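Colleague: my questions are about this predicted structure, shown below with the sequence.
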Amino acid sequence: MTQPSRFWDKIAERYSRKPVADEDAYQRKLQVTREYLRPDMEVLEFGCGTGSTAIAHAPYVKHIEAIDISSKMIEIAHGKADAGKVENVTFEQATIEDFYQIPLIMTYVPIACVRST
């Protein structure tokens, strides 16, 4: 386990309860991103955190592979997906380096990372 993953594991529960700082800006970012999505796309989201963005985009694509360095964040994301009956998102604890192999990464169309502060 790396130092960054320990940090995010430690604060995952608190992070998941914290509201988005600027909800209007976040919703605008989601809308802009959706303009690029198509129903046949397979998306890789890295740094997915607790999965909110992946879950929000799920209805607009074929599948989302959502990864995060924190296993605790991924646990929370699984819970959100289960609660929302979202079946076309796969959450996995991984780093971008785990996916950075040309044959693998080229199977995904866009790579998305949305962050609100």
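Modeller: Everything's here; your move.

Colleague: for the residue nearest the centre of the chain, give its distance to E97.
Modeller: Nearest residue to the geometric centre of the chain (CA atoms, centre = their mean): C48, 2.7 Å. Counting by CB to CB, to the nearest Å, the gap from C48 to E97 is 16 Å. The way it works is simple: take the backbone N, C-alpha and C, and place the C-beta from them, glycine included.

Colleague: what are the ranges of the strands in the chain?
Modeller: Taking DSSP state E as the test, the strands found in the chain are 42-46, 63-68, 89-93, 111-112.

Colleague: can I get the first one as PDB, trimmed to CA atoms?
Modeller: Right, the one you point to is strand 42-46. Output of strand 42-46 as PDB, limited to C-alpha atoms (Å, rounded to 0.1, in the frame of the first residue of the first chain):
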ATOM      1  CA  GLU A  42     -16.400   2.100 -23.100                       C
ATOM      2  CA  VAL A  43     -14.900   4.700 -20.700                       C
ATOM      3  CA  LEU A  44     -12.000   4.600 -18.400                       C
ATOM      4  CA  GLU A  45     -12.300   6.900 -15.400                       C
ATOM      5  CA  PHE A  46      -9.200   7.200 -13.300                       C
END
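
Colleague: any idea of the mean pLDDT in it?
Modeller: The average pLDDT within strand 42-46 is 89.

Colleague: helices and strands around that strand, which ones?
Modeller: Using 3 or more CB pairs under 8 Å, 6 or more residues apart in numbering; DSSP states H and E as the contact test, the elements touching strand 42-46 are helix 52-57, strand 63-68, helix 96-99, strand 111-112.

Colleague: the third one - what's its average pLDDT?
Modeller: With pLDDT averaged residue by residue, helix 96-99 scores 77.

Colleague: in that helix, what counts as buried?
Modeller: For helix 96-99, burial by neighbour count (16 or more other CB atoms under 10 Å) applies to F99.

Colleague: returning to what we had before: return the most buried member of the strands of the chain.
Modeller: Mean neighbour count (mean count of other CB atoms under 10 Å) peaks for strand 63-68 among those, with a mean of 22.

Colleague: what is that one packed up against?
Modeller: The elements that strand 63-68 packs onto, with contact taken as 3+ CB pairs under 8 Å, 6+ apart, are strand 42-46, helix 52-57, helix 71-83, strand 89-93, helix 96-99.

Colleague: much appreciated, bye for now.
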